Structure formats: C-alpha cells, structure tokens
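Asks: Sequence and predicted model, in that order:
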Amino acid sequence: KAGVTQTPRYLIKTRGQQVTLSCSPISGHRSVSWYQQTPGQGLQFLFEYFSETQRNKGNFPGRFSGRQFSNSRSEMNVSTLELGDSALYLCASSSGQTYGTQYFGPGTRLLVL
Amino acid sequence: QQPVQSPQAMILREGEDAVINCSSSKALYSVHWYRQKHGEAPVFLMILLKGGEQKGHDKISASFNEKKQQSSLYLTASQLSYSGTYFCGTEDTGNQFYFGTGTSLTVIP
C-alpha cells in the first residue's frame, strides 16, 4: 500500500497570504489528523476528520480550517498567515473510529516571511 | 491537556537502558508511543489500551497505569538506531488526542 502523501513538501509565503495543504491518506483509511510541529511548541493537534466530518479540534484560531472529501483526502487551509505559522505541518491517517495507529506523511514545511 | 514527558532529554551509551515517562492530567483510554528521527515524520512504536497492560517488541516495551494516568516506555540495551525524539500520545475518554512534550534521546558509542 502507498503511504500517506502530502503536497506540497515545501512552501514559502508572505504574511497575510493564505495557503492550502493537501493530504492523501493510506487507501482505506477514513481518519485524517493534522498537526503543527515547531521547535518551541512540539507537536500540536489541529483537527481530525473522519468520514468527511470534523470530529475533533485543537486549540487553534479560526484561521486554521480543514475539510475532508469523500475519497478521504483532506485539505488544510490557513488564512491571513502570520510569521508564527511557520512550521512543519504533518498529517496522519488511521483506519478506525478511535485513534488507532497513526501513519504520518512526510509533512509540508511552511515558511512565512 | 498536553501530557508531560520526563526526562526532556537524555544521553545513553550503547547497551544502557532507559525509561521515558508520560503523565496526563486526564483519564485516558489509550496511550501511543512514537519515535521521530531528525528530519523525518514520527513513526509508530506501540499502542496500549486501558487495562494496565504492558506491551513490547524486541527490546522496547511499555506499560500503562490507567489509575495514575501514566505510561512508561522502556528501552533495553540501547542501540545507536534508538536515537531520536520519543513522543507519547494520549487519547482521553472524551476522544481527544494530544502528543506529549517529547523526550530527546541520543545514544552514543
């Protein structure tokens, strides 16, 4: 089976712009979670989608949003980018209705200038 | 709600043992352990479900004390390949998932 893929791998944006990141889970997996990783804050949970519904949400401002499509692919959008949004954004997919084994993608490294 | 891990960092010589602890303030349904090497994505190690079980494979094992909301990861006879940052992930009974603060492990010859 192909692993979790994320596109793009690297991205440079300027403050105020918006960005959309994409995640394709492992075939058959219905749950996709998004995380932000920074040296100072570690791995922070953004949100989780299961069968096109947002099931859980972390403590991030409304500028961070996501969605999941019927084929389980997920997108994450960040509007009005701030310098502090520079981070590695990881998505992880899992198969079941509870948090089973999460398989991580390689991440998208976002730099906001 | 983010679980706290200890120690924050450690350096081991090959062959030494180590214990990494993960402590949560919430009632837990499961604990996950992941290892992340520099520049790579986290990789799953194991899951422990509530029931106080202990799991392990090869020389890495873990325990879960649901009453204390704590889990420990045990690394036996460490190898150079064990170097990386270890994260616990906790799923609480409210179905919320959080990664721990991380423990950086460096194994030296």
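Replies: Yes, it's here. Numbers count the residues shown, from 1 in each chain, chains lettered A, B, ... in the order given.
Asks: Name whatever forms a beta bridge with residue A:93.
Replies: residue A:32, residue A:103 (DSSP bridges).
Asks: Distance-wise, check it relative to residue B:101.
Replies: 24 Å (Cβ to Cβ, to the nearest Å). In short, each C-beta sits where N, CA and C put it, glycine included.
Asks: Looking at the two, which is more packed in?
Replies: Shown here are residue A:93 and residue B:101; by other Cβ atoms under 10 Å in any protein chain shown, residue A:93 has more neighbours (25 against 17).
Asks: Return the residues in contact with that one.
Replies: Residue A:93 is in contact with A:4, A:23, A:25-26, A:29, A:31-33, A:72, A:102-103, A:105, counting by Cβ atoms under 8 Å, 6 or more residues apart in numbering or on different chains.
Asks: cool, residue B:41 as well?
Replies: Per Cβ under 8 Å, 6+ apart, neighbours of residue B:41: A:90, A:104-107.
Asks: Below-threshold pLDDT in the chain: ranges please.
Replies: Just so you know, I chose chain A. The model of chain A has pLDDT under 70 over residues A:1, A:97-99.
Asks: let's do chain B instead
Replies: The model of chain B has pLDDT under 70 over residues B:52-57.
Asks: What helix or strand is the residue nearest the centre of chain A located in?
Replies: Centroid check for chain A by Cα atoms, centre = their mean gives residue A:34 as the closest residue, at 3.3 Å. Assessed by DSSP states H and E, residue A:34 sits inside strand A:31-38.
Asks: can you list contacts of that strand?
Replies: Contacts of strand A:31-38 (Cβ under 8 Å, 6+ apart): A:23, A:25, A:43-50, A:55, A:60, A:66, A:68, A:72, A:74, A:76, A:86-97, A:99, A:102, A:107, B:97, B:99.
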